[in-house]
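>>> next input, structure requested:
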Amino acid sequence: MTMTDGSREVAVCVAGVLAGGRSRRMGRPKALLTLPDGRTLVEHVVGVASAVAHDVVILGTPALLPPPLARLPVLVDAKQDGGPLAGLCSLLQYAQNRWALLLACDMPHLAPGVLHRILARAGEDVDAVAFRQDDVRKACHACCALYHPRILPRALDELARGQASLQNLLARVRLEAVQPDPRDVHLLTNLNTPEDHARALRDLQDGAIARHHE
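Residues are numbered from 1 along each chain as shown. So this is what the prediction gives:
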């Protein structure tokens with residue numbers, strides 16, 4: 001299923017934002033970390049998702065959601081402690097015949113343009129679309145990726161395995177792996193530690209100052 005966006009056709013999708021992680025390395029829920037404009041990370045990602053998806057849901061069981069997101073549907077993970085794959089399984093079940101856009105909540109630089117680039121690559125001949133990671137492991141950005149519900153049986157099978165790995169799932173389906181350009185790499189940056197958060201705040205503040213003086 002596609003829709004027209006200006007001169008482009010992009011997939012109709014439901015977006016699911018992962019917000020129930022334990023954030024061990026960060027030491028507190030990443031979803032509730034704040035940005036220079038006062039919004040939380042999860043509010044930022046939901047806002048970007050809303051620019052490309054008709055339907056946005058929260059995945060997992062977050063301890064707390066910011067008041068602006070209180071009315072969003074929350075999908076419980078298909079398996080407790082199943083990680084992002086468990087959230088994807090719930091999202092695929094909810095999506096029915098729509099593409100499912102899986103998003104981590106900790107991408108402070110995420111913008112609609114990078115999501116349009118993967119939505120535009122969806123098609124009947126592929127099961128998933130994801131950006132390649134800039135490393136030697138041939139891994140992909142599995143938590144900023146597009147999945148079709150037809151892979152739900154394989155996703156549930158992978159969830160039942162010991163590792164429950166999104167990367168393993170991507171290796172088992174027809175994957176359209178997109179090579180990111182340098183700007184994409186920046187937009188896909190995620191946060192794992194307090195140092196990452198502090199760096200992102202500096203980058204965002206510097207960018208806002210630069211735009212103010214343009």
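
>>> buried set for stretch 146-157?
Neighbour counts using 16 or more other Cβ atoms under 10 Å place 146, 147, 148, 149, 151, 152, 155, 156 of stretch 146-157 among the buried residues. C-beta coordinates here come from the backbone N, C-alpha and C atoms, glycine included.

>>> what's in contact with that stretch?
For stretch 146-157, contacts defined as Cβ atoms under 8 Å, 6 or more residues apart in numbering pick out 11, 13, 78, 85, 88-89, 91-93, 95-102, 118-119, 121-122, 126-130, 169, 172-173.

>>> hmm, try it at 7 Å
11, 13, 85, 88-89, 92-93, 95-97, 99-102, 118-119, 122, 127-129, 169, 172-173 (Cβ atoms under 7 Å, 6 or more residues apart in numbering).

>>> cool, stretch 63-81 as well?
Residues outside stretch 63-81 that contact it (Cβ under 7 Å, 6+ apart): 16, 20, 29, 32, 40, 42-43, 46, 56-61, 86-87, 89-91, 94, 159.

>>> starting at the chain centroid, how far to it?
Stretch 63-81 has its C-alpha centroid displaced from the chain centroid by 15 Å (Cα atoms, centre = their mean, to the nearest Å).

>>> quick one, what contacts the most centrally placed residue in the chain?
The centre of the chain sits closest to residue 103, judged by Cα atoms, centre = their mean, with a distance of 1.1 Å. Residue 103 is in contact with 15, 16, 17, 18, 45, 49, 143, 144, counting by Cβ under 7 Å, 6+ apart.
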